[in-house]
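*Asks:* Just a sequence and a predicted model for now, questions to come.
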Amino acid sequence: MGDIVGLEQAAFMEGRDLFDNSMLAHELAAKYNRKLLTPRCMLKVDIQKAFDSCSPEVTSLSVTAVSKCLDLFASISGLRVNPMKTNLYFGGVPPQLKALILSATGFLEGELPARLMHEASILLPKGIAKKITRSCMRFHWGIADGHQKMIFKSWDSMCLPRKEGGVNIKEILSWNKTQLMTWIRKLEFDSNTIWVKWIKVYILKGQSIWEFQPTAAHSWAIHSLISCRDTIIQHTGSLVNARNLLCKPDFIIQIYEVLRPKGLPLSAYKTLGDTLNFPKYTVIGLLAVQNSLSTLDNFCLRGIPLANRCALCQCQTENRNHLFFECAFSSVLWLAVARWFCIPAITSFPRLLRWFKECNRGVSLFKR
């Protein structure tokens, strides 16, 4: 099928990516707003896009020819150009020639969003990454009366995997750089897409993606890819290790594992994160182990004046140890659990963690 369908058709073809054409369009339009530029124009229609760069002598003839091709296409298929969504974009074209082209085609002149085209980088700017992170935080923690709820655990620690005390949320910048490495992998191993062919001919010019160094003339997208390339080389220790990482079938997982923030292993993870457990209870258990639950003592430590008294027994202050082990209600529950599983009575969190560690030497408790 790939031999029949042209490389311009990126969607709905195995091994091709719809974003290939978007990346190519970004590269072609990146320099259109520069003053010293050879005359060129770009035509956007409602049913297809055509990019054309040529000398002033043939620019008008080329655009007219494209217009006639669209008319022929319309006569055959019945799909006509929508004038409300069709624009001509010029770069380095003299005003007289521009007026002649617009008059001959009947199209409107469009203005490229120069700022958007330069900043629509595939590497997320830190400001945008922070906004995305704040949105994720509000979704995760919740909002009460228009204000974000009290947080007892940093977002960085929440982005750690469960085995390190987090809840396995993707850290946005590390994940973004990981996704960018798919483009490096295409340039290294794939040559059957129009974007790869164009980059190799007009950008790399015979160089390897691993040795290429961009200049100020290259687009922000190219600078983003090279920045991510250098980051993964730095984290893996060498160019050879970075290339070997891209060769692996699960390279996305492997690269994110290299780039993500790191934490200390949590001894209770294997039991709390058991596949037979529920995710909600796993998160609560991990927060309890790290003393990050919304208990009254944690509110008081953060300067919120509340009457710190256990809501169950009304006798002692409310903290993690009291709620789980010292309260009369929780003590009765633990005794029943100990009899059910035939285990020693658990009376404190340090003892619970030691029991978790001993339990994880073999088959976990839930599977037993």
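*Replies:* Great, that's in hand.
*Asks:* going forward, measure contacts between C-alpha atoms and count neighbours the same way
*Replies:* Fine.
*Asks:* Which stretches in the stretch 101-250 of the chain count as strands?
*Replies:* Using DSSP state E, counting those that start in this stretch, the strands of the stretch 101-250 of the chain run over 108-109, 143-144, 147-148.
*Asks:* can you list the residues that contact the first one?
*Replies:* Residues from elsewhere that reach strand 108-109, judged by C-alpha atoms under 8 Å, 6 or more residues apart in numbering: 83, 86-90, 102.
*Asks:* List buried residues within these.
*Replies:* 86-90, 102 (16 or more other C-alpha atoms under 10 Å).
*Asks:* Spatially, which two of the residues you listed are the most separated?
*Replies:* 86 and 90 (13.5 Å; C-alpha to C-alpha).
*Asks:* circling back to that earlier point, tell me which of the contacts of strand 108-109 fall in helices.
*Replies:* Counted as lying in helices by DSSP state H, out of those, are residue 102.
*Asks:* Nearest to residue 176 among the buried ones among the contacts of strand 108-109?
*Replies:* Of these, the one sitting nearest to residue 176 (C-alpha to C-alpha) turns out to be residue 89, at 31.1 Å.
*Asks:* returning to what we had before: which ones among the contacts of strand 108-109 lie within strands?
*Replies:* Within those, residues falling in strands by DSSP state E are 87-90.
*Asks:* Just give the closest residue to residue 300, not the sequence neighbours.
*Replies:* Nearest residue to residue 300 in three dimensions, chain neighbours excluded: residue 306, at 6.5 Å (C-alpha to C-alpha, 6 or more residues apart in numbering).
*Asks:* Go through the contacts of strand 108-109 and name the one nearest residue 184.
*Replies:* Residue 184 lies nearest to residue 89 out of the contacts of strand 108-109, by C-alpha to C-alpha, at 30.1 Å.
*Asks:* and the closest one, how far is that from residue 29?
*Replies:* Noted for residue 89: a distance of 9 Å to residue 29, by C-alpha to C-alpha, to the nearest Å.
*Asks:* repeat for residue 17
*Replies:* In terms of C-alpha to C-alpha, residue 17 sits 20 Å off from residue 29.
*Asks:* how close does residue 252 sit to residue 200?
*Replies:* Here residue 252 is placed at a distance of 23 Å from residue 200 (C-alpha to C-alpha).
*Asks:* same check, this time on residue 331
*Replies:* From residue 331 to residue 200 the distance is 69 Å (C-alpha to C-alpha).
*Asks:* Now do residue 322, the pLDDT please.
*Replies:* Residue 322 is assigned a predicted lDDT (pLDDT) of 86.
*Asks:* Let me see the contact set for it.
*Replies:* Residue 322 touches residue 316, counting by C-alpha under 8 Å, 6+ apart.
*Asks:* do that again at 10 Å, thanks
*Replies:* Residues in contact with residue 322 (C-alpha atoms under 10 Å, 6 or more residues apart in numbering) are 310, 316, 328, 330-331, 347-348.
*Asks:* same thing with residue 210?
*Replies:* 184, 187-188, 226, 229-230, 233, 239, 242-243.
*Asks:* out of residue 17 and residue 29, which sits in the more crowded spot?
*Replies:* Higher neighbour count among residue 17 and residue 29: residue 29, with 20 against 15, using other C-alpha atoms under 10 Å.
*Asks:* so how far is residue 123 from the more buried one?
*Replies:* According to C-alpha to C-alpha, residue 29 and residue 123 sit 18 Å apart.
*Asks:* Please apply the same query to residue 101.
*Replies:* Residue 101 sits 37 Å away from residue 123, going by C-alpha to C-alpha.
*Asks:* For residue 153, give me its contacts.
*Replies:* By C-alpha under 10 Å, 6+ apart, the neighbours of residue 153 are 166, 287, 290-294.
*Asks:* Taking those residues, please make a ChimeraX selection of just the buried ones.
*Replies:* Of these, the buried ones go into a single ChimeraX selection, burial set by 16+ other C-alpha under 10 Å:
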select :166,287,291,292,293,294
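*Asks:* Redo the contacts of residue 153 as JSON lines? Include pLDDT and distance to residue 95.
*Replies:* JSON lines is the format used below for the contacts of residue 153 (pLDDT from 0 to 100; distance: C-alpha to C-alpha, whole Å):
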{"residue": "166", "pLDDT": "79", "distance to residue 95": "60"}
{"residue": "287", "pLDDT": "77", "distance to residue 95": "66"}
{"residue": "290", "pLDDT": "76", "distance to residue 95": "68"}
{"residue": "291", "pLDDT": "79", "distance to residue 95": "70"}
{"residue": "292", "pLDDT": "78", "distance to residue 95": "66"}
{"residue": "293", "pLDDT": "81", "distance to residue 95": "67"}
{"residue": "294", "pLDDT": "80", "distance to residue 95": "67"}
